[in-house]
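Novice: this one's structure only:
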Ligand SMILES: Nc1nc2c(ncn2[C@@H]2O[C@H](COP(=O)(O)OP(=O)(O)OP(=O)(O)O)[C@@H](O)[C@H]2O)c(=O)[nH]1
Ligand SMILES: [Mg+2]
């Protein structure tokens, strides 16, 4: 990413594959000249690209002046463009061969193929956006559901950066106040007592902890959660998967041991993206294939965010089930008492489940009874609340979360030292480090390798 900004870069900005249009984006000092060399205008009176106007014409082959494709070209001069540099975009027909051929022509005229995220990296370097906003571009593109979009959008708009900057400034003014005390101890400056410093630190720290909580609560809305259906053969795992998907994806039969390989589908549970996995059922004497299937199941249980333990509510209840739940971690197990259409679950069983405090949902994959409760139950177990995320929730990504965590940790240590009566001069060090951690979030300070890591996760053309 440290490459010279003097180079003009180019890439296909649309996904490769047959489509209506494909866009080749060029950014850098040579953009306009490269465009001029390739473009044959449809209008005779054309003299040069006018900013923000679509120009109709053809991209031509060099030697024979043959038309390669009919195109629309737009020119956005810096600094008012996405990257802050001169940008030229060629809209051509969307076939992969056409798009590649046009890109080849652009590269042959001196542009360099852009690396992933290089356009957005330039936007960052040229001050068009801060680091958090730049990252949110990748988050926006990757968002699987609308909630994820909202989080990314709030970062792109700068709301997240503003909050981080506010906290950083609060720490800086605190440091200034402390330093003034230290530098001019004899002057009657408005000095801060340890109690005031402490309460100010606590305030910043609690806001940071709130952001961390948003990460653990809402990150699954952005990334998706792994939910695994396990249980005895014939309990109705595959039927429940089909019911949640709303289509017949898995084979369902009355014969125990129908599912052998596990199968996985994405499903959107009211905005929560879920990788839902159906596994082979367990039984007393599994054959070799089933043993292999069960082993896969065990691995999936380890990795799962939520294990749905499916029980045939029509069979005599096996007490052993209640023993298995704590083994898997009761917090991430939801008991699904299936086949509720056949006969009501024994009240004794219900009492036992409730007495142990296990979460259970009574459902019927066959009739659809309890489906709403099931979706709510899954969401609640994963997100920790059934409430929709607040419309203005600010959610850091993993990199930002780690920085916030170190800042919060430093402030906690500072508070402890303060309580032990450590002098102010020793405390400014903590403040410096916490400020530095927050600065890295918005990129006010950023090292080469941070930029490298952030932008390498982008797709090419962004
Ligand atoms: N009455 C009733 N029957 C159900 C219900 N859910 C599943 N079944 C039936 O139970 C049998 C087994 O269902 P599956 O979904 O294949 O069960 P499974 O847990 O995937 O079974 P394996 O793949 O063998 O482990 C089928 O005959 C289903 O029609 C339900 O809610 N009510
Ligand atoms: Mg099955």
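Specialist: Nice, I can see it. Note that the coordinates shown come from a computational prediction; the quantities given were computed from them, not determined experimentally. Numbers count the residues shown, from 1 in each chain. Ligands and ions are numbered 1, 2, ... in the order given.

Novice: neighbours around residue 301, how many?
Specialist: For residue 301, the neighbour count with other CB atoms under 10 Å is 19. (C-beta placed from N, C-alpha, C; glycine too.)

Novice: for residue 198, same thing?
Specialist: The number of residues near residue 198, taken as other CB under 10 Å, comes to 15.

Novice: Grab the nearest non-local neighbour of it.
Specialist: residue 418 (5.5 Å; CB to CB, 6 or more residues apart in numbering).

Novice: Within the helices and strands, which one has the one you found?
Specialist: Assigned by DSSP states H and E, residue 418 belongs to helix 398-419.

Novice: I would like the residues contacting that helix, please.
Specialist: Contact partners of helix 398-419, identified using CB atoms under 8 Å, 6 or more residues apart in numbering, comprise 132, 135, 194, 197-198, 201-202, 204-205, 208-209, 211-212, 215, 219, 396, 426-427, 430-431, 433-434, 437-438, 440-441, 453-454.

Novice: Which among these count as buried?
Specialist: 132, 135, 197, 201, 204-205, 208, 211, 215, 219, 396, 427, 430-431, 433-434, 437-438, 440-441, 454 (16 or more other CB atoms under 10 Å).

Novice: Quick check: which ranges of the stretch 151-300 of the chain have low pLDDT?
Specialist: 180-191 (pLDDT under 70).

Novice: What residues does it have near ligand 1?
Specialist: 233-239, 252-254, 256-259, 280-281 (CB under 6 Å from any ligand atom).

Novice: rerun at 5 Å
Specialist: 233-239, 252, 254, 256-259, 281 (CB under 5 Å from any ligand atom).

Novice: restrict those residues to contacts with ligand 2.
Specialist: 238, 258-259 (CB under 5 Å from the ion).

Novice: Which strand or helix spans residue 394?
Specialist: Per DSSP H and E, there is no helix or strand for residue 394.

Novice: gap between the residue in the stretch 1-150 of the chain that ligand 2 sits nearest to and residue 267?
Specialist: When distances are taken as CB to the ion, the stretch 1-150 of the chain reaches nearest to ligand 2 at residue 144, 25.9 Å away. According to CB to CB, to the nearest Å, residue 144 and residue 267 sit 11 Å apart.

Novice: tell me what the longest helix belonging to the chain is packed against?
Specialist: Assignment by DSSP state H gives helix 194-223 as the longest helix of the chain. Here helix 194-223 is seen to pack against helix 146-156, helix 159-183, strand 272-278, helix 371-383, helix 398-419 when contacts are counted using 3 or more CB pairs under 8 Å, 6 or more residues apart in numbering; DSSP states H and E.

Novice: how near is residue 238 to residue 250?
Specialist: 4 Å.

Novice: list residues touching both of these two?
Specialist: What both residue 238 and residue 250 touch, as defined by CB under 8 Å, 6+ apart, is the set 259, 278.

Novice: can you tell me how far residue 217 sits from residue 342?
Specialist: Taking CB to CB, one finds residue 217 at 37 Å from residue 342.

Novice: More neighbours: which of those two?
Specialist: residue 217 (17 against 14).

Novice: From residue 379, how far out is the more buried one?
Specialist: 11 Å.

Novice: Residue 129 too?
Specialist: On the measure of CB to CB, residue 129 and residue 379 end up 33 Å apart.

Novice: Can you name the residue of this protein nearest ligand 1?
Specialist: Distances between the chain and ligand 1 by CB to the nearest ligand atom are smallest at residue 281, namely 2.3 Å.

Novice: Spatially nearest residue to that residue, not counting backbone neighbours?
Specialist: In space, residue 281 is closest to residue 233, 3.3 Å off (CB to CB, 6+ apart).

Novice: same check, this time on residue 49
Specialist: Closest to residue 49 by CB to CB, 6+ apart is residue 75, at 3.7 Å.
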